[in-house]
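Peer 1: Predicted model and sequence follow; I will ask about them next.
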Amino acid sequence: MSMWPNYHRHNLTGRPHPGLGYAKSSNRDSGWNTRWAAFTLTLCASVFLVLIIYDILASRNASNTVFESPLKVSSGTISSSLGAILDSNKLSPGEAVGVSAALRKNLNLRRLTPEDEYFIVFSTAGTFKYMYIQKDLKHYFAFRKPDGSFSNSVKPVKVSAVISRSSGTIGSSLWESMNAQGVAAAVVLDFADIFCWSVDFLTEVRDGDRFEVVYESMVTPSGKVVTRRILAGLYNGHETGRKAAFDFKGGYYDEKGDSMHSFFLRAPLQYRRISSYFSQARRHPILKIVRSHLGIDYAAPSGTPVSAVADGTVTFAAWRGGFGRYVEIRHAKGYVTTYGHLSRFAKGIRVGKRVKQGELIAYVGSTGLSTGPHLDFRIKETGRFVNFLKLKRRSSTGVAARNKTGFMTAAHELLPSAF
């Protein structure tokens, strides 16, 4: 007898087999079907029980396994030595030596400053994983490897650009007014530097003047601002009129595309007042005779720094009669400037020395024929003395013609109020 139930059987033609077709089941077959059903039910119950037991055991194993949260982080600024920072974070002496050695391969640890940041990463169980220092837009890593040794790497810091706008009215000073609007100190200083050729912020600022500035900050994932750059600025003053500046290809230009960088500084020093102007007939305060005064006297305290008004070469640095200590500088385009009644020369100023615009050359004094501390400043244009205050401030460069359309489009988008 077959061990399987007597199901309908078919031959290869798909038709019922003539001898095994539709015959009724016997009592023996009915008993076998009952036993088969019982066997199947028992088997399913056993499998189900095995699965339940497996699940219970797996749950127990899972409860006994420690799943650590990946990391915990200690961070701060480099306000003390690296060794002190590692010690305060409970690194072992061996770990501290390994971390320092790994970092030192790519980073001069002596040049770390309070501006730099550190991040020390541990497992939740307190195991040291790695450390990195953020300096100059780079991450310097020290990793602990599974075998206990240390490795290092350097990766650039991912920064994002944030554009900020600020505007306001001048009250007491540019510094205080911009600072009151939340403008960072570095941006205020840059604003003053950009406009220094067109606005004298010591003498021309008036209450009610307006300013506007658009600047870009580069921010790290930790929120630290690493750089700021002015994209556009506007100063609208009672004395100065409207002055605008736009950053374009590394330089600053006004709304017409002319460079904000003038060939000359507005003055060779920070002065209190002009005590004597350019004149063809002035009564000399000591000689008591009328003669020409072909320069400008800037009254200032003795020791006030004096700067070169333009790039050039020192052609004289010594005593010259009634001018006392005296410096002469030859510039491009046929210009020569002179600086008289100086108390002393700056270090390194001598004949043949190349100087840059704004570079310190001497200090205010009262040497020679002088009634008090001041700077006698003169300028020659192609061999003839001219009035510096009436000399047109020439731009050093301008936006190239091929870039003019792009510049004007960008400028209008950044600061429409300048047009």
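Peer 2: Okay, I see it.
Peer 1: and the nearest residue to Glu204 once chain neighbours are set aside, what is it in contact with?
Peer 2: Closest residue to Glu204 apart from its sequence neighbours, by Cβ to Cβ, 6 or more residues apart in numbering: Glu239 at 4.3 Å. The C-beta positions use only the backbone N, C-alpha and C, and glycine is treated the same way. Neighbour list for Glu239: Glu204, Val205, Arg206 [criterion: Cβ atoms under 8 Å, 6 or more residues apart in numbering].
Peer 1: These, buried ones only, as a ChimeraX selection?
Peer 2: Per 16 or more other Cβ atoms under 10 Å, the buried members of these correspond to this ChimeraX selection:
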select :205
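Peer 1: one step back: which element is the residue nearest to Glu204 on?
Peer 2: Assigned by DSSP states H and E, Glu239 belongs to no helix or strand.
Peer 1: And it, how far from Ala267?
Peer 2: As judged by Cβ to Cβ, to the nearest Å, Glu239 and Ala267 stand 15 Å apart.
Peer 1: Same check on Val183?
Peer 2: Taken as Cβ to Cβ, the span from Val183 to Ala267 is 25 Å.
Peer 1: again with Lys390
Peer 2: Distance, Lys390 to Ala267, using Cβ to Cβ: 14 Å.
Peer 1: Between these two, which has more neighbouring residues?
Peer 2: Ala267 (22 against 7; other Cβ atoms under 10 Å).
Peer 1: which residues touch the more buried one?
Peer 2: Ala267 neighbours (Cβ under 8 Å, 6+ apart): Asp200, Tyr298, Val309.
Peer 1: So which of these are in strands?
Peer 2: If you go by DSSP state E, the contacts of Ala267 have Tyr298 in strands.
Peer 1: Could you export the contacts of Ala267 as TSV, including neighbour count?
Peer 2: Shown next, in TSV, are the contacts of Ala267 (neighbours: other Cβ atoms under 10 Å):
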residue	neighbour count
Asp200	16
Tyr298	22
Val309	25
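Peer 1: From the contacts of Ala267, pick the one nearest Gly322.
Peer 2: Nearest to Gly322 among the contacts of Ala267: Tyr298, at 17.3 Å, using Cβ to Cβ.
Peer 1: Wait, that closest one touches Gln270, no?
Peer 2: No - counting by Cβ atoms under 8 Å, Tyr298 does not reach Gln270; the two are 9.1 Å apart.
Peer 1: What ranges does the stretch 301-419 of the chain have for its helices?
Peer 2: Along the stretch 301-419 of the chain, counting by DSSP state H, counting those that start in this stretch, helices occupy 404-414.
Peer 1: Flag the shaky bits of it, pLDDT-wise.
Peer 2: Within the stretch 301-419 of the chain, the segments meeting pLDDT under 70 span 393-396.
Peer 1: Contacts for the host helix or strand of Val154 next, please.
Peer 2: Counting by DSSP H and E, the element that carries Val154 is strand 150-156. By Cβ under 8 Å, 6+ apart, the list of residues contacting strand 150-156 from outside reads 98-99, 101-103, 105-106, 137-145.
Peer 1: How about the contacts made by Asp193?
Peer 2: Here Asp193 is in contact with no residue (Cβ under 8 Å, 6+ apart).
Peer 1: Could I get the pLDDT score of it?
Peer 2: On pLDDT, Asp193 comes in at 89.
Peer 1: Does it belong to a helix, a strand or coil?
Peer 2: Under DSSP: H, G, I helix; E, B strand; the rest coil, Asp193 falls in the helix class.
Peer 1: do the same with the one 5 residues further on
Peer 2: Classification of Ser198 into helix, strand or coil gives coil, according to three-state DSSP.
Peer 1: Count the neighbours of it for me.
Peer 2: As a burial measure, Ser198 scores 18 neighbours (other Cβ under 10 Å).
Peer 1: and the gap between it and Asp207?
Peer 2: 20 Å.
Peer 1: got it, and Ser100?
Peer 2: From Ser100 to Asp207 the distance is 56 Å (Cβ to Cβ).
Peer 1: out of the two, which sits in the more crowded spot?
Peer 2: Ser100 (17 against 11).
Peer 1: Quick check, Gly168 in contact with Arg210.
Peer 2: Yes - proximity of Gly168 to Arg210 meets the contact threshold set by Cβ under 8 Å, at 7.4 Å.
Peer 1: That'll do, ta.
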